[in-house]
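1. Structure of the sequence below:
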Amino acid sequence: MKTLILLSLVAAAFSFPQLPVGMQLSAVPAAVPAASPVPTYTYVPSAQFHSQNEVGGYNYGYVSADGQGKNEIRGADGSVAGTYTYFDPTGLPVQVSYSAGPHGFQASGAHLPQPVPLPEANVRATAAHMAAKAAAAAAAAAKAATAPPQTVAVAPTFAILG
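-> Below you'll find the predicted structure:
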């Protein structure tokens, strides 16, 4: 019985919250500032949703309390499209729309850099190169069509298995 009481006292002592090393209890209460500010929080609900079908398509999204969010849809063919919104360091909202499918990943947004048009000289040079390439392929096909068939003599080979 004494052992049971001793074990109970030891268990109670170890379950009591311990003070960090170097900290001591004091009988004198600490001074409390007269006007300690109490933080106030405003609850703004956030929302999320998700739906899925039998053929692999889905639609999901969320909007957080601060206005950031995302929405994405996946079709039965595997293509994906969506948008997401966040705030830049200055506090302005940034929205990005994207799609991913047979033509790869493509993103668009007002903050993304836009492609610079090619100079006219490059466009003309590319067109001339493609025309020359097509003419060379046509000439090679015409030459192959008018050339006599070539025959190759092959000597028979024998193998002795044994």
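2. contacts, neighbours, all on C-alpha from now
-> OK.
3. wait, doesn't P102 sit right on G78?
-> No - in this structure P102 lies outside contact range of G78 using Cα atoms under 8 Å: 9.2 Å.
4. of these two, who's got more company?
-> Neighbour count, other Cα atoms under 10 Å: between P102 and G78, G78 has more, with 14 against 9.
5. That one against G104, yeah?
-> No - using Cα under 8 Å, G78 makes no contact with G104, being 11.7 Å away.
6. Low-confidence stretches in the chain?
-> By pLDDT under 70, the low-scoring segments of the chain are 1-45, 158-159, 161-162.
7. where exactly do the helices run in this protein?
-> In the chain, the helices defined using DSSP state H lie at 2-15, 120-146.
8. And the strands in the protein?
-> The residue ranges that make up the strands of the chain, judged by DSSP state E, are 47-52, 58-63, 69-74, 80-87, 93-101, 104-108.
9. Format the ones you listed as JSON lines; extra columns: mean neighbour count and distance to A142.
-> Formatted as JSON lines, the strands of the chain follow (neighbours: other Cα atoms under 10 Å; distance: least, Cα to Cα, whole Å):
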{"stretch": "strand 47-52", "mean neighbour count": "11", "distance to A142": "56"}
{"stretch": "strand 58-63", "mean neighbour count": "17", "distance to A142": "53"}
{"stretch": "strand 69-74", "mean neighbour count": "18", "distance to A142": "48"}
{"stretch": "strand 80-87", "mean neighbour count": "17", "distance to A142": "46"}
{"stretch": "strand 93-101", "mean neighbour count": "15", "distance to A142": "39"}
{"stretch": "strand 104-108", "mean neighbour count": "12", "distance to A142": "37"}
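10. Distance to K133 added to the ones you listed, as a markdown table?
-> As requested, the strands of the chain are exported to a markdown table (distance: least, Cα to Cα, whole Å):
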| stretch | distance to K133 |
| --- | --- |
| strand 47-52 | 49 |
| strand 58-63 | 45 |
| strand 69-74 | 40 |
| strand 80-87 | 37 |
| strand 93-101 | 31 |
| strand 104-108 | 27 |
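11. If anything else comes up later, I'll come back, but that's it for now.
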